[in-house]
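Asker: model this:
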Amino acid sequence: MSSKLSFISLVASLLAGIPVARSSEAYPSLPTWKCTTSGGCLQQNTSVVLDQDSKYTQGAAGSRTTADYTAMGVSTSGDALTMYHYVTTNGTLNAASPRVYLLGADSKYVLMDLLNQELSVDVDYSTLPCGENGAFYLSEMAADGGGGAGAAAGTGYCDAQCPQGACCNEMDVLEANSEATAMTPHPCDGDSCDSGGCGYNPYASGQHSFWGPGLTVDTSQPFTVTTQFTASGGTLTQITRSYTQNGRQIVGGGTISTCGTDSSSTGLTGIGNALGRGMVLAMSIWNDATQEMAWLDAGTNGPCASGAGTPSNIESQHPDTHVVFSNIRWGDIGSTATG
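Answerer: Residues are numbered from 1 along each chain as shown. Sure thing, here's the model as predicted:
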């Protein structure tokens, strides 16, 4: 997520001076499931909360309103979350680019303990063109949002790009559009983070026919993504990806078994320890004015042509671009496939 910092800094500068939202909003319900091999999957009473910097929309007369999820491109239906990058307000197309976090019934972020566990999600990337990123990832945020207004106000964001100095472990489970994808651990040792990470991108590994419309993983249709965080003796040993589409399991999605120098806070061991402490699920849709998402989908990383991923090109040619995440399940390895 190499350009996330520049995007977040831009949002922060535009919203400087806006007070933090309080927790009086109605959060869109998003049921999820926690699973075990012995007991099956138990539905969780979860919802989503907008990041505090996404809560404010500009009114027609310059007034500000809070927690307008629809105006920020966010809606839920059953267990499905839909996020639009662009939203039309009063006849004008605006960039919403929302980011949300999974919130528990206790008004705290859900901490997913995923060491020696797996995480599955159904996704629909069919409308995401070159240059877009529908991100499904984990951040070692504080469950209470770091105090103050708290998680219920969408506070406390951090990642390995250290936005505004807020550094923390980040596991990019799924960064993708219809043309390319990557999964990338970003371990941190205090404020020293592996911002580039040690990711796996099928296209970059030579699998040019694996991901895309009409390919092995056919991104013109929905499919299930399962990520396993296998541990031995309490230490993360590998991260493995598989897919299921139309009843067919697709292996070969990639395995990460090394990530730099291992220690309690670095390398694969470090990100495994963060997974064991519990990480917060974040979901977002964004594009990249600085690098046009080339680090994800162009050159050696994907089939997208230079210039195809500019925000202006996306806005003019793909104003309805959106991502759908649904049927989120996590738990014992082998337990989420039938959730």
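Asker: could you pull out the helices for the protein?
Answerer: Taking DSSP state H, the helices of the chain run over residues 4-14, 267-277, 294-297, 311-317.
Asker: now the last one: mean pLDDT?
Answerer: Predicted confidence along helix 311-317 averages 96 (mean pLDDT).
Asker: next, the buried residues of it.
Answerer: 311, 313-315 (16 or more other CB atoms under 10 Å). Using the backbone N, CA and C atoms, a C-beta is placed for each residue, glycine as well.
Asker: how many neighbours does I250 have?
Answerer: As a burial measure, I250 scores 18 neighbours (other CB atoms under 10 Å).
Asker: any low-confidence regions in the protein?
Answerer: In the predicted model, the chain carries pLDDT under 70 at residues 1-24, 56-66, 338-339.
Asker: Q117 reaches G334, doesn't it?
Answerer: No: taking contacts as CB atoms under 8 Å, Q117 lies outside contact range of G334: 10.3 Å.
Asker: so which of those two has more stuff around it?
Answerer: Neighbours around Q117 and G334, counted as other CB under 10 Å, are more numerous at Q117. The numbers are 22 against 12.
Asker: next up, the contacts around that one.
Answerer: Neighbouring residues of Q117 by CB atoms under 8 Å, 6 or more residues apart in numbering: 228-229, 275, 330-333.
Asker: ok, of these, which come out buried?
Answerer: Among these, those scoring as buried are 228-229, 275, 330-331 (criterion: 16+ other CB under 10 Å).
Asker: tell me which of those is nearest to I250?
Answerer: Comparing the buried ones among the contacts of Q117 against I250 with CB to CB places Q228 closest, at 14.3 Å.
Asker: show me what contacts the closest one?
Answerer: Contacts of Q228 by CB under 8 Å, 6+ apart are 117-118, 239-242, 333.
Asker: ok, and the most crowded of those residues?
Answerer: Neighbour counts for the contacts of Q228 (other CB under 10 Å) peak at I239, which has 27 neighbours.
Asker: so who does it touch?
Answerer: So I239 contacts 183, 185, 227-230, 255-257, 268 (CB under 8 Å, 6+ apart).
Asker: now T76, nearest residue through space, not along the chain?
Answerer: By the measure of CB to CB, 6 or more residues apart in numbering, the closest residue to T76 outside its immediate chain neighbours is P28, 4.1 Å from it.
Asker: count of residues packed around the one you found?
Answerer: 19.
Asker: that one against L50, yeah?
Answerer: No: P28 sits out of contact with L50 when judged by CB under 8 Å, with a separation of 9.2 Å.
Asker: quick check: neighbours shared by those two?
Answerer: Shared contacts of P28 and L50, counting by CB under 8 Å, 6+ apart, come down to 69, 74.
Asker: neighbours of A337, how many?
Answerer: Neighbours of A337 using other CB under 10 Å come to 14.
Asker: distance of it from V251?
Answerer: Going from A337 to V251 by CB to CB, to the nearest Å gives 13 Å.
Asker: before we move on, what about A135?
Answerer: On the measure of CB to CB, A135 and V251 end up 24 Å apart.
Asker: do the same with Q291
Answerer: Counting by CB to CB - Q291 and V251 are separated by 31 Å.
Asker: these two: which has the busier surroundings?
Answerer: Looking at Q291 and V251 with other CB under 10 Å, you find the greater number of neighbours at Q291, namely 14 against 10.
Asker: from Q207, how far off is that one?
Answerer: Distance, Q291 to Q207, by CB to CB: 22 Å.
Asker: re the thing from before, will you turn the contacts of Q117 into CSV that also has distance to A71?
Answerer: Formatted as CSV, the contacts of Q117 follow (distance: CB to CB, whole Å):
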residue, distance to A71
Q228, 37
F229, 36
L275, 34
W330, 30
G331, 35
D332, 39
I333, 40
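Asker: and of those, the nearest to M141?
Answerer: Proximity of the contacts of Q117 to M141, judged by CB to CB, is greatest for L275, which lies at 13.5 Å.
Asker: so what's that closest one up against?
Answerer: Residues in contact with L275 (CB under 8 Å, 6+ apart) are 112-115, 117, 138, 171, 229, 236.
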